[in-house]
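Peer 1: what's the 3D shape of this:
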Amino acid sequence: MLNRHPLDAVIIGAGVVGAACAYYAARAGLSVAVVDRGPVAGGTTGAGEGNLLVSDKEAGPELDLALLSARLWRELADVLPPETEYEPKGGLVVAPDETTLKALRTFAEGQRAAGVEAAEVSADGLYDLEPHLARGLAGGFHYPQDAQVQPAQAAARLLAAAAAAPAGATVHLGEEVTAILRDASGAVRGVRTARRELLAPAVVNAAGTWGGTVAGLAGVTLPVLPRRGFVLVTEPLPRVVRHKVYAADYIADVASGSAALQSSAVVEGTPAGPVLIGATRERVGFDRSLSTEALRRLAGQAAALFPVLADVRVLRTYHGFRPYLPDHLPAIGPDPRVPGLLHACGHEGAGIGLAPGTGLLIAAALAGTAPALDPEPFRPDRFGDGDGQGDFHDPVDPADPAGPAGPAAPKEAAP
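Peer 2: Numbering: from 1, shown residues only. Model (predicted):
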């Protein structure tokens, strides 16, 4: 016999975005359930490095959401346990030549107007911040608001805090959502798993890379596609890299819509010692095969940026899939095509950083209160019935085609 649980909302996805939605909804006094076919942080979050970045975002809606989220992460760092590993270490973007430095200067001017702290660093000043950088760089920009968390721990601790709230949150792991229930008028009334029905007037799609699949359960199209990325993990080292350091071309890669392999050096140390090296991007569906070309590019670019890494051993590599939407903005908020359906997915590689702001916007929509910023740019129905590019199809993960959550990945690095 199916168990029935009347709730204010059901959240599909136990990654960091779903956890943040649960946390802020519970804090607003709403009773919610979180359901995932896998474990906590079993998909993109579990393959995440934990970047909380404003440095890579141009002025606009995503940067506004990133700044809101950066403030919320600082607040969360005071209430979540130390296992979350919040580290406000700052970011450093470097330019190889004067032309690139000039472009970075223009980029930073727009960011400053939106509230970002960005300080230009001279060529000599780079080595005060990062002594092991390659010589001959033209300069760069320091972003003190960039930070880091341990993503799987952040998701777990947010869910625990949501469960401890007066309204409470329940978590159902290992349960695939097989149907989004709707009434005769088409409005949402809950979800069904193999074990139970969870009844609620609202369902939040926080399924990450599988957000398009979940949207399809409700009869709507959301063109979320997987974008694969690889990371190298070195042997433990002294803290030879102090900040999140990346070459300026990483910013262009993030904004690109190309399906081809792109790579740019992104290097950072960790408290445990290993250096993490990314980042690649390519749209190859859910192809989990190893790309030696991607790994070769990463290793070469990292050694060019930090020559000290040239002879360091790489202990392992792994990869994950970012939830990509064609305009590089997440889908956040109510879907007017299905009353009671909300989306919180499509953040690509920025989901960990944008999670608190997303959760706050979802909580406001559920509670009917004023949002912290204008949600209009994130409207889930902005793509209509397709993505406008003619290439969307519902992605299927060949390793696990059943539904919206991916297999766990090692949790100290990210694509």
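
Peer 1: Now the phi/psi pair for residue 281, please.
Peer 2: phi -140, psi 130 (degrees, to the nearest 10).

Peer 1: how deep is it tucked in, by neighbour count?
Peer 2: 26 (other Cβ atoms under 10 Å). For the C-beta atoms, the positions are set from N, CA and C on the backbone; glycine is no exception.

Peer 1: Then residue 383?
Peer 2: 20.

Peer 1: Where does pLDDT dip in the stretch 251-400 of the chain?
Peer 2: 252-259, 385-400 (pLDDT under 70).

Peer 1: Tell me the buried residues in stretch 273-286?
Peer 2: 274, 275, 276, 277, 278, 279, 280, 281, 282, 283, 285, 286 (16 or more other Cβ atoms under 10 Å).

Peer 1: Any regions of the stretch 101-250 of the chain where pLDDT drops low?
Peer 2: Judged by pLDDT under 70, the stretches of the stretch 101-250 of the chain that qualify are 250.

Peer 1: 90 instead, please
Peer 2: For the stretch 101-250 of the chain, the stretches flagged by pLDDT under 90 are 168, 228-231, 239, 247-250.

Peer 1: now the strands for the stretch 301-415 of the chain?
Peer 2: 314-324, 331-334, 341-345 (DSSP state E, counting those that start in this stretch).

Peer 1: name the helices or strands packed onto the first one?
Peer 2: Read it as strand 314-324. When contacts are defined as 3 or more Cβ pairs under 8 Å, 6 or more residues apart in numbering; DSSP states H and E, strand 314-324 packs onto strand 225-234.

Peer 1: angle of the strand it packs on against strand 314-324?
Peer 2: 160 degrees (axes from the mean of the first three to the mean of the last three Cα atoms, to 10 degrees).

Peer 1: what's the spacing between strand 225-234 and its chain's center?
Peer 2: Computed by Cα atoms, centre = their mean, to the nearest Å, the separation of strand 225-234 from the middle of its chain amounts to 13 Å.

Peer 1: Check which helices and strands that strand sits against.
Peer 2: So strand 225-234, by 3+ Cβ pairs under 8 Å, 6+ apart, packs with strand 275-281, helix 292-305, strand 314-324.

Peer 1: related to what we said a few turns ago, and which of the buried residues of stretch 273-286 is nearest residue 158?
Peer 2: Nearest to residue 158 among the buried residues of stretch 273-286 is residue 276, at 22.5 Å by Cβ to Cβ.

Peer 1: Dump the helices and strands packed on strand 225-234 into CSV; add distance to residue 154 as well.
Peer 2: As requested, the helices and strands packed on strand 225-234 are exported to CSV (distance: least, Cβ to Cβ, whole Å):
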stretch, distance to residue 154
strand 275-281, 16
helix 292-305, 25
strand 314-324, 16
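
Peer 1: so which of the ones you listed comes closest to residue 89?
Peer 2: Taking these one by one with Cβ to Cβ, strand 275-281 is closest: 12.6 Å.

Peer 1: Throw the buried residues of stretch 273-286 into CSV and include distance to residue 381, thanks.
Peer 2: Formatted as CSV, those follow (distance: Cβ to Cβ, whole Å):
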residue, distance to residue 381
274, 43
275, 42
276, 37
277, 39
278, 33
279, 30
280, 31
281, 26
282, 28
283, 23
285, 25
286, 26
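
Peer 1: nearest to residue 316, of the residues you listed?
Peer 2: Using Cβ to Cβ, those come closest to residue 316 at residue 274, 9.2 Å.

Peer 1: how close does that closest one get to residue 48?
Peer 2: 15 Å (Cβ to Cβ, to the nearest Å).

Peer 1: Just to check, residue 153 is in contact with residue 82?
Peer 2: No - the pair residue 153 / residue 82 is not scored as a contact, 9.4 Å apart, by Cβ atoms under 8 Å.
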